[in-house]
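> next comes the sequence, and after it the predicted model I'd like to discuss.
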Amino acid sequence: MTLVALLGFAVGIVLALTGAGGGILAVPLLVFGAGLSMAEAGPIGLLAVGLAASLGAGMGLRSGTVRYKAALLVAAAGVLCSPLGLWLAQRMPNRPLTAVFAVVLLYVALRAWRRSRCTGDAPPERGKPPPCRLDTTRGKLNWTAPCARALCWSGLVAGGLSGLLGVGGGFVMVPALQRFTDLGTQSVLATSLAVIALVSMAGVAASAATGHLQWPVAVPFAFGALAGMGAGRLVAARLPAARLQQGFALVSALVAVALLVRATA
């Protein structure tokens, strides 16, 4: 189990250096390093990502940057769809599931590379106001039917991918919140972490209840990830964010290609 703990430690470092989206590398590491199938690795990756996201969400709640009502609404939609993704993952052949994961990972790599090339923290220009707008006097979102509808759809997509691929869904939630709300960067990240934590833990619970979670592998992997996150946070602030994102993008692209080769071999 030492190898599994080291793999978790590596995932924790990636999470600390690149953000919650870095947890998408947990499943490939388990596939290549521990010899698990995609369906076996998914719930274990969810556990590690969910624990890490819970830590980040707790910090966001203390600082007041989590929009908890939005997070609960999105997470509720995600929890409804996550069991469907889990059901599909347990019944889909390993090679097609690996290929789907590789395509998603390539998308994440491309998005990380594009983000690394952007300068400044200014939000993207919008053609029209987003459906979810923040009331600056109350410090809360103004709830409308289009706002609730947009957030629910985002949660359904994130939850389905969470159950199917064993990912937290940060690569879905962050751009969705940036597109559908006018929240600041820190609030978007903190709210996304809260959603990831809730949806991931629901997926872990469903996997455990159906007997698809291998606890002897999951426990050392999760503890290794938490240790890696603690170690990574000590050095994250000293490293240039753009270079970290570029490194993450390149590693993700290489892993995606390796998964495609495995799926077609």
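Nice, thanks for sending it over.

> how many residues are close by Thr136?
Counted with other C-beta atoms under 10 Å, residues neighbouring Thr136 total 8. Placement of C-beta: from N, CA and C, glycine included.

> and it, what's its pLDDT?
On pLDDT, Thr136 comes in at 78.

> any idea how far it is from Ser192?
21 Å (C-beta to C-beta, to the nearest Å).

> for the stretch 51-200 of the chain, just list every one of the helices.
68-91, 94-117, 145-165, 170-180, 185-209 (DSSP state H, counting those that start in this stretch).

> TSV for those, including mean pLDDT and distance to Ala48?
Formatted as TSV, the helices of the stretch 51-200 of the chain follow (pLDDT from 0 to 100; distance: least, C-beta to C-beta, whole Å):
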stretch	mean pLDDT	distance to Ala48
helix 68-91	91	16
helix 94-117	89	16
helix 145-165	92	13
helix 170-180	86	13
helix 185-209	87	9
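
> between the ones you listed, which gets nearest to Gln246?
Gln246 sits nearest to helix 94-117 of all the helices of the stretch 51-200 of the chain, at 4.6 Å, using C-beta to C-beta.

> contacts for the closest one?
18, 21, 24, 27-28, 31, 37-39, 89, 161, 164-165, 167, 171, 175, 241-243, 245-246, 248-250, 252-253, 255-257, 259-260, 262-264 (C-beta atoms under 8 Å, 6 or more residues apart in numbering).

> buried stuff in that helix?
97-102, 104-106, 108-109, 111-113, 115-116 (16 or more other C-beta atoms under 10 Å).

> tell me the mean pLDDT over stretch 218-231?
Mean predicted lDDT for stretch 218-231 stands at 88.

> for Ala109, see how far away Val103 is.
As defined by C-beta to C-beta, Val103 lies at a distance of 11 Å from Ala109.

> also Lys128?
Applying C-beta to C-beta to Lys128 and Ala109 gives a distance of 30 Å.

> can you check Leu239 too?
19 Å.

> and Leu156, by the same measure?
For Leu156 relative to Ala109 (C-beta to C-beta), the value is 24 Å.

> just the CA atoms of stretch 168-177, as PDB, please.
Only the C-alpha atoms of stretch 168-177 are listed here, as PDB (Å, rounded to 0.1, in the frame of the first residue of the first chain):
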ATOM      1  CA  GLY A 168     -14.900  16.100  -9.000                       C
ATOM      2  CA  GLY A 169     -16.300  18.200 -11.900                       C
ATOM      3  CA  GLY A 170     -14.300  21.300 -11.200                       C
ATOM      4  CA  PHE A 171     -13.500  21.700 -14.900                       C
ATOM      5  CA  VAL A 172     -17.300  22.000 -15.500                       C
ATOM      6  CA  MET A 173     -18.300  24.000 -12.400                       C
ATOM      7  CA  VAL A 174     -15.700  26.800 -12.700                       C
ATOM      8  CA  PRO A 175     -16.400  27.800 -16.300                       C
ATOM      9  CA  ALA A 176     -20.200  27.400 -15.600                       C
ATOM     10  CA  LEU A 177     -20.100  29.700 -12.600                       C
END
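
> what residues of it count as buried?
For stretch 168-177, the neighbour count (16+ other C-beta under 10 Å) marks 168-177 as buried.

> got the contact list for that stretch?
19-21, 23-24, 46, 49-50, 53, 70, 74, 78, 104, 107-108, 111, 150-151, 154, 157-159, 161-162, 183, 188-189, 191-193, 195-196, 199-200.

> packing partners for the helix or strand hosting Arg243?
If you go by DSSP states H and E, Arg243 is part of helix 241-264. Packing partners of helix 241-264 (3 or more C-beta pairs under 8 Å, 6 or more residues apart in numbering; DSSP states H and E): helix 2-18, helix 26-34, helix 94-117.

> tell me how far the first one lies from the chain's centre.
Its chain's C-alpha centre and that of helix 2-18 lie 15 Å apart, by C-alpha atoms, centre = their mean, to the nearest Å.
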